[in-house]
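Visitor: how would this look folded up:
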Amino acid sequence: MPTGSQDTARPAAPEEGPGPAVPDGVEALAQAADALFLAMRKARGRAAEEGGLSLAQLALLDPLAGGAELPVGRLAAAAGVSVPTATRMLQQLDAKGTVARRRSPEDERRVLVRLTEDGRDRLTRLRNQRRAAQARGFEAFSPEERAQLARQLGRLAEVIERQE
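Guide: Now for the predicted structure:
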């Protein structure tokens, strides 16, 4: 019997049940994809640093590889950074002689960017080094496995793009 004091027991906290149902193999695939993305980012980062460019700078410059002169906004979108961030990065690259910037003759508000000869050489060298390293790594797979992997990674990229 109670001794005059009120029962101060609190209700039990709701139990956290299992998370949403996950189809077989999804967790293992998600972990493998995360590991792949991290390994690729690290590898690209190392290669970029060896070439004197950060990974972000490399992403910003890649669209210019074909020799085009592009507006800052398009470069920012391709690299997944804001226009102010891209502008700061491009100012640094301009100071290093990697890119050249100029105002658009049609619209003075737009800044157009192109690779300098030095920038093109640097980017080409980095891309060639990256391809050579990838080729060495992909030798672990048979030609059939490489073809299958290419198809599956293409599908994975499409799925990821649709989710964003």
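Visitor: Quick check: next helix or strand after the longest helix anywhere in the chain?
Guide: Scanning the chain for the helix with the most residues, using DSSP state H, yields helix 26-50. Elements were assigned by DSSP states H and E; along the chain past helix 26-50, the next helix or strand is helix 55-61.
Visitor: got a list of contacts for that following helix?
Guide: Contacting residues not belonging to helix 55-61 are listed as 41, 44-45, 48, 51, 53, 75-76, 78-81, 86, 89-90, 92-93, 98-99, 115, 119, 123, 126 [Cβ atoms under 8 Å, 6 or more residues apart in numbering]. Glycine gets a C-beta too; all of them are placed from N, C-alpha and C.
Visitor: can you check stretch 116-123 too?
Guide: Among residues not part of stretch 116-123, those counted as contacts by Cβ under 8 Å, 6+ apart are 51-53, 58, 61-62, 64-65, 67, 93, 97-100, 115.
Visitor: can you pull the buried residues of it?
Guide: Judged by neighbour count (16 or more other Cβ atoms under 10 Å), stretch 116-123 contains these buried residues: 119-120, 122-123.
Visitor: show me where pLDDT drops low in the chain?
Guide: 1-19, 47-49, 164 (pLDDT under 70).
Visitor: For it, which segments are assigned as helices?
Guide: Secondary structure of the chain by DSSP H: the helices cover 26-50, 55-61, 72-79, 83-95, 117-138, 143-163.
Visitor: so which of those gets nearest Arg110?
Guide: Closest of the helices of the chain to Arg110 is helix 72-79, at 7.6 Å (criterion: Cβ to Cβ).
Visitor: The closest one to helix 83-95, inter-axis angle?
Guide: Counting by axes from the mean of the first three to the mean of the last three Cα atoms, to 10 degrees, helix 72-79 points 100 degrees away from the direction of helix 83-95.
Visitor: Since that was my last question, I'll sign off now.
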